[in-house]
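Asker: next input, structure requested:
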Amino acid sequence: MGKDVKRLFAEFQPEHYTLELVPNRGDKTFTGKVSISGKKTGRPNQRITLHQKDLKVTAAKITKHDKKGNQDIPIARINTQKKFDEVRLHTENLIYPGHYTVSLEFSGIITRNMNGMYPCFFEHDGKQQELIATQFESHHAREVFPCVDEPEAKATFDLTLATPKGETVLANTPIKEQKAKGGSVVSTFETTPKMPTYLLAFAYGNLGYLEARTRDGVKVRTYATPGNVEFTRFALDTAVKTLEFYNDYFAIPYPLEKCDMIALPDFASGAMENWGLITYREQVMLVDPKNTSLGTKQYVAMVVAHELAHQWFGNLVTMRWWTDLWLNEGFASWIEYLAVDHLFPEWQMWTQFAVDEQQRAYKLDALEHTHPIEVPVHHPDEIRTIFDTISYSKGASVIHMLHEYLTPDLFRDGLRHYLSLHTYSNTDTVDLWTALEDISGKQVKDFMHAWTSQSGFPLLQANIQGDSVQLTQDRFYLNPEQEKRPNTIWPIALLTGEEGIPELLSKASTNLKVADSPSLKFNRGQSGFYRTVYNPEHLDTLGTLIAKHQLSPLDRLGILSDLFEAAKAGRASTIDALRFLSYFEDESDNAVWDVMAGGILSTRAVMDSEALREQMKPFIKRLAGKQLERLGWEKKASESHFDQLLRPTILGLAAGADEEAVVAECLRRFNRMKKPEDIDPDLRSVIYTTAVRIHNDQETFDKLLAMHEASTSSEERTTVAAALTGFKRPELYKRALSVIDTASVRHQDVAYWIAYSFGNRFAKYDTWNWMKDHWQWLAKNLGSDLSFYRFPMFAANAFSNREFLEEFKEFFLPKLEPAFERSVNQGIEVLTWQSAWKERDFKAVQKFFKENK
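Answerer: Alright, predicted model coming up:
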């Protein structure tokens, strides 16, 4: 990686910003003034350097403050350094350490790429309207005003904003005063708490809101465009309860007097934790009872809980530098489950955690080109590549492991200690470990260092014969052609609950004597971040326990997912994994079914054979049969949350396997549908995709496209996009591809369309060609969006042949800029392991399904 970027905070430390901005929505420009008071440190020199990007600095002034009073320092020249995103104010004379105010006047551009200051488009009363909003994390504040754009540079902010009369205007803090000025209103906001630049935010436009208060009197409002305000009620209710939960859990009251949340029609990521003004993509904040699926409603609760956790962990206490981004995101990704589990215990969040966080993290972390949880960040552009599954999901998984290892009460008390020690300041990861060590008395630093500083995770091989247990660990790679590196050892929490088994395995192998224990299972409850494979005899013993319902859902899904993933890597038999599914004939748990379906569907996709797909159908029908009969199509008054989540999975498997009655019912419901609300939102996806697969005609395409164009629901548009991109006929899937770069698809949704098109086995080669042909358009419109850097993986996931691997390299290898390097290398690995799995096991898999119809 590159040389370390120069830290401007080392030379100038802002304490307070007074910022005035005048945006012009009409010509997409803005002008501004900023005064930054702060401390110059280090050696005397002849310049002060700030961050800026694509701003035109038109005037600057430096004032020194000392015992003699205020003294202006003459500026020799203003120099803009594009390469480093800097503006350098060079002075005639030496500037010595001390207190200074730097004042600048500047102008800039309101851009379309959903970073910095940008427009959001929506329709209301038949008219096109526009909000203006901001997104500054990770390093985009510099696109709106000159600043020290680093997380360590915490300061207070006084913001003044000129906006059109009659529009709602919001920022981090409440409005202090407003004055009319011509056709505008000038709003000055209360001073913010001490915080980094990336948390500053504002938004204005035609917005409505709902309001509630927490027990402590914090005013919570949920804002949205006028037609969507009513759909923010669930997010509002969840936010109030979550703030109250965190107030108790952290034992520090929420530090602001208000907490606004806003659903934006255009938003690049999921949500952003700006202090006091949290911004969301509409899909993760709006819940319309007629159109929102249960899975999305649950996701809204989780995202709200995630962003509110940051108000303490990230905002009140902030990472010193982006290297510790993982702690910010991993922690919030873990505690969102704790909060939602507290609010909705019937949702069984920790069982879902194993599938949604751990399994997602394992998939990426089983590659050589993953990265440690703690990544040294050299260049700001690399920051984009670490906002990934490792930061979020692996980070959450190792925090979950630590929470269980220390016990929940000690973990909570250690966290309270950490937050109270470091309020309004910056920390490194080790500061949290120290606080947890102080409270728990356990060696947290040593234990966690192994998990955060090295890439990958271990495969624990357990050979259990009677009272003899042989354990070995080594790093797990999905790619069997990956050269193994010796001496990668983790402290594995064995978590068996059995006497005679140590708490940790901290060496490469060990032999143990235990009381003969047929039910011996490692990683009970799945809180350890490792996979386990057993010798075939013991695996069958565990299978019998599964069939008799003697293992928990977490243990059932853990054994099965470990077996399937080991099989993909050639570390276990794929046939053993497929055969093992017979122990799950009575399975009724939604999270376990997610793993079962994942195993079957990934086998089908990677083996990539039309004949094999047909041979698999009877097996899939039989596997899903019992649950299909139990659940049926209609919700029952008394059924559990998990059964409601399971129904679409079972119907989807049955429909895909051509279960006649299910296919017929899908088509009946689709054909009689006049509008999306005619179909239960939980079932739309399976009904739309089945209609596309069976009808495969122009009329179905036109019906779905008309629904897409008419819908204002972000979730519904995404569901329809998945169907529109799924046709078998080339003229239809090519028509879907041709929609992507038109006004019909918001830039924030382009990645969905491309990922879904790659997921269509008939369209994947044409999608690849479309992506190559439109690469310049994608780079221009999505180049600064996180989703852009996932495109190589979208392509790689769709193929399992060596010929395509060469095409992939030919296109992407010349594009290896820092932000793309890891994604491209990961794509090469995925293509390699998928090709190797197919070459190794295709014939055996075909034979298995022939014999198991």
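
Asker: show me where pLDDT drops low in this structure?
Answerer: 1-3, 380, 385 (pLDDT under 70).

Asker: quick check: phi and psi at Lys83.
Answerer: phi -60, psi -30 (degrees, to the nearest 10).

Asker: so which elements touch the helix ranked longest in the chain?
Answerer: Ranked by residue count and defined by DSSP state H, the top helix of the chain is helix 818-851. Other helices and strands packing on helix 818-851, by 3 or more CB pairs under 8 Å, 6 or more residues apart in numbering; DSSP states H and E, are helix 383-386, helix 553-568, helix 574-580, helix 590-607, helix 610-631, helix 791-797, helix 802-812. Quick note: C-beta positions are derived from backbone N, CA and C, even for glycine.

Asker: let me know which of those helices is tucked in deepest.
Answerer: helix 553-568 (a mean of 24; mean count of other CB atoms under 10 Å).

Asker: which secondary structure elements does the strand or helix carrying Thr101 sit against?
Answerer: Thr101 belongs to strand 98-109 when assigned by DSSP states H and E. Using 3+ CB pairs under 8 Å, 6+ apart as the contact test, the elements touching strand 98-109 are strand 29-40, strand 45-51, strand 56-66.

Asker: 7 Å - rerun?
Answerer: strand 29-40, strand 56-66 (3 or more CB pairs under 7 Å, 6 or more residues apart in numbering; DSSP states H and E).

Asker: tell me the angle it makes with strand 45-51.
Answerer: Angle of strand 98-109 versus strand 45-51, following axes from the mean of the first three to the mean of the last three CA atoms, to 10 degrees, is 40 degrees.

Asker: parallel or antiparallel, list what pairs with strand 98-109.
Answerer: If you go by DSSP bridges, strand 98-109 pairs up with strand 29-40 (antiparallel), strand 56-66 (antiparallel).

Asker: hmm, back to that, buried residues in the longest helix of the chain?
Answerer: For helix 818-851, burial by neighbour count (16 or more other CB atoms under 10 Å) applies to 818-838, 841-842, 845-846, 848-849.

Asker: stretch 100-120 now?
Answerer: 100-106, 108-111, 113-120.

Asker: mind checking how far that stretch is from the chain centre?
Answerer: 26 Å (CA atoms, centre = their mean, to the nearest Å).

Asker: need the CA coordinates for that stretch. PDB is fine.
Answerer: Provided in PDB are the C-alpha atoms of stretch 100-120 (Å, rounded to 0.1, in the frame of the first residue of the first chain):
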ATOM      1  CA  TYR A 100      -4.700  31.300  15.500                       C
ATOM      2  CA  THR A 101      -8.000  31.900  13.600                       C
ATOM      3  CA  VAL A 102      -7.900  31.000   9.900                       C
ATOM      4  CA  SER A 103     -10.700  32.600   7.800                       C
ATOM      5  CA  LEU A 104     -11.500  31.600   4.200                       C
ATOM      6  CA  GLU A 105     -14.000  32.500   1.600                       C
ATOM      7  CA  PHE A 106     -14.800  29.800  -1.000                       C
ATOM      8  CA  SER A 107     -17.200  28.400  -3.500                       C
ATOM      9  CA  GLY A 108     -18.000  24.900  -4.600                       C
ATOM     10  CA  ILE A 109     -20.300  22.500  -6.500                       C
ATOM     11  CA  ILE A 110     -23.400  20.600  -5.400                       C
ATOM     12  CA  THR A 111     -22.600  17.200  -7.000                       C
ATOM     13  CA  ARG A 112     -24.800  14.300  -8.000                       C
ATOM     14  CA  ASN A 113     -22.600  11.500  -6.500                       C
ATOM     15  CA  MET A 114     -24.300  11.400  -3.100                       C
ATOM     16  CA  ASN A 115     -21.200  12.700  -1.200                       C
ATOM     17  CA  GLY A 116     -20.400  16.200   0.100                       C
ATOM     18  CA  MET A 117     -23.500  18.300  -0.600                       C
ATOM     19  CA  TYR A 118     -25.900  16.700  -3.100                       C
ATOM     20  CA  PRO A 119     -29.500  16.800  -4.400                       C
ATOM     21  CA  CYS A 120     -32.200  14.200  -3.700                       C
END
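
Asker: now the longest helix of the chain: how far from the chain's centre is it?
Answerer: On CA atoms, centre = their mean, the centre of helix 818-851 falls 24 Å from that of its chain.

Asker: circling back: so which of the helices and strands packed on helix 818-851 is nearest Leu364?
Answerer: helix 791-797 (8.9 Å; CB to CB).

Asker: give the other helices and strands that the closest one contacts.
Answerer: Secondary elements touching helix 791-797 (3+ CB pairs under 7 Å, 6+ apart): helix 750-759, helix 764-773, helix 802-812, helix 818-851.

Asker: all set, thanks.
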